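Engineer: Kindly return the folded structure for what I paste below:
(one chain, ligands or ions: 2)
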Amino acid sequence: MKLHEYQSKYIFSKYGIPIPKGRVAATAEAAKQIAQELGGRVVIKAQVLVGGRGKAGGVKVAKDPAEAEQLATQILSLEIKGLPVRKVLVDEAAAIQTEIYFAITNDRAARRPVMIASAAGGVDIEEVAHTNPEKIIKVHIDPLLGLRDYQTRDIAAGIDLPRELWREFNSIAQALWKVYNENDATLAEINPLIINTSGKLVALDGKMMIDDNALFRHIDLAEIRDIDEEAPAEIEARKYGLSYIKLDGTIGCMVNGAGLAMTTMDIVKLFGGEPANFLDVGGGAGAEKVAAAMKIILTDSNVKAVLFNIFGGITRCDEVARGILAAIDEVKPQVPMIVRLVGTNAEEGRRLLADANMITAETLVDAAQKAVQAANKK
Ligand code: GDP
Ligand code: MN
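Structural biologist: Numbering: from 1, shown residues only. Ligands and ions are numbered 1, 2, ... in the order given. Prediction:
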């Protein structure tokens, strides 16, 4: 789950990280009102759950409330990377001296969190990672020991932070670690962390991602989830407990079990196809869940063929077949469907699907080849 900038910065501030004064607005009039309250220059920032808003025209500085209203109107009519802007954050404008990149995320390879900092902060950290990887300082955090003060000093030295800011930097780093740890985050990012012209550190931007699997113990965070910002297919998938990730290919894959789903994708690729999604309907999926999964796959207009690879164990193939039939009834798919059913009640499943105008396959290799062929025909 991603948090908006204003939500992330609110959490940062609760842990003592300095942020600019500001509030969120859904209309240009409200933005003007906030600008009046703040006085002076303000920055209007689109609240959408994608990066690079600045470059897309979603971050603008206004000199007075009238201009704030005008810029808010403009930004509220934008669509950034496909997402309409519904809210703007109106913050006191900062006078920037230096922009630093500062974040904590998970390093899966190292099996622990990593704190990352760079003096080349601002908008394009990915670019820096690519062209000047030596400018990025990384320190791994032992989750049992926590973040040690010597580690934050190493980072401060690594990014050439002025000495007089080290103590302040250490408290921000410790706070960010607490933010990350206590909220089960997978990302807590400040880009940029600035040194303003008064020589103070301020978190100008904020981004957090929370581990979905931990949301049950963060009810307050689960409640502020902004589902307007999420792909409808993913919301639908979550509702039915399906693991679904959209990809760019043309072959929709419906599989039970994450390992089998990955294998299926690999074999599709082996025969020259590209999977349109990863989808694990999970163990013991009933007809309703299968139907929901199928509808999700078919709403993707890139899908030119659907491959069902079901290995019946706890999952019963006849239940799966009933789900497929229910979905066919409802969505009337126009694309070829290839089905491979093996295991518990496979016979019954195949019998149910016999009249459904589906291409049956005996083995996974057979199924994958047929799916690739069918997808390439169109
Ligand atoms: P992002 O593009 O989504 O990462 O949005 P940011 O909030 O990080 O803003 C992008 C850039 O806009 C920052 O790196 C700054 O250079 C600039 N910016 C943002 N807020 C302010 C501000 O209050 N004052 C000034 N002068 N520049 C700002
Ligand atoms: Mn940023």
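Engineer: and the host helix or strand of Ala117, how far out from the chain's middle?
Structural biologist: Secondary structure assignment for Ala117, by DSSP states H and E: strand 112-118. Relative to its chain's centre, strand 112-118 lies at 19 Å (Cα atoms, centre = their mean, to the nearest Å).
Engineer: for stretch 77-97, same thing?
Structural biologist: Relative to the chain's own centre, stretch 77-97 is displaced by 19 Å; criterion: Cα atoms, centre = their mean.
Engineer: can you pull the buried residues of that stretch?
Structural biologist: If you call a residue buried by 16 or more other Cβ atoms under 10 Å, then stretch 77-97 has these buried ones: Leu78, Ile80, Leu83, Val85, Lys87, Val88, Leu89, Val90, Asp91, Glu92, Ala93, Ala94. Bear in mind the C-beta positions are built from the backbone N, C-alpha and C, glycine included.
Engineer: again with stretch 228-236
Structural biologist: Glu229, Glu230, Ala233, Glu236.
Engineer: Stretch 280-291 now?
Structural biologist: Under the neighbour-count criterion of 16+ other Cβ under 10 Å, stretch 280-291 has Asp280, Val281, Gly282, Ala285, Ala287, Lys289, Val290, Ala291 buried.
Engineer: Now do the same for that stretch: mean pLDDT, whole number.
Structural biologist: Mean per-residue pLDDT for stretch 280-291: 82.
Engineer: measure that stretch end to end?
Structural biologist: Terminal residues of stretch 280-291 are spaced 13 Å apart (Cα to Cα, to the nearest Å).
Engineer: How about residues contacting it?
Structural biologist: Contacts with stretch 280-291, where a contact means Cβ atoms under 8 Å, 6 or more residues apart in numbering, come from 240-244, 254-258, 261, 293, 313-315, 319-320, 322-324, 326-327, 330.
Engineer: filter the residues you listed to the buried ones?
Structural biologist: 240, 242, 244, 254-257, 261, 293, 315, 319-320, 322-324, 326-327.
Engineer: Which single residue of the stretch 51-200 of the chain ends up nearest ligand 2?
Structural biologist: Asn191 (4.2 Å; Cβ to the ion).
Engineer: Setting aside sequence neighbours, what's the nearest residue to that residue?
Structural biologist: Leaving aside its sequence neighbours, Asn191 sits nearest to Tyr101 (Cβ to Cβ, 6 or more residues apart in numbering; 4.9 Å).
Engineer: how about the one helix or strand that neighbour maps to against ligand 2, any contact?
Structural biologist: Tyr101 is part of strand 96-107 when elements are defined by DSSP H and E. No. Figure legend: strand 96-107 not in contact with ligand 2 (Cβ under 5 Å from the ion); closest approach 8.8 Å.
Engineer: Buried residues, that strand. List them.
Structural biologist: Thr98, Glu99, Ile100, Tyr101, Phe102, Ala103, Ile104, Thr105, Asn106.
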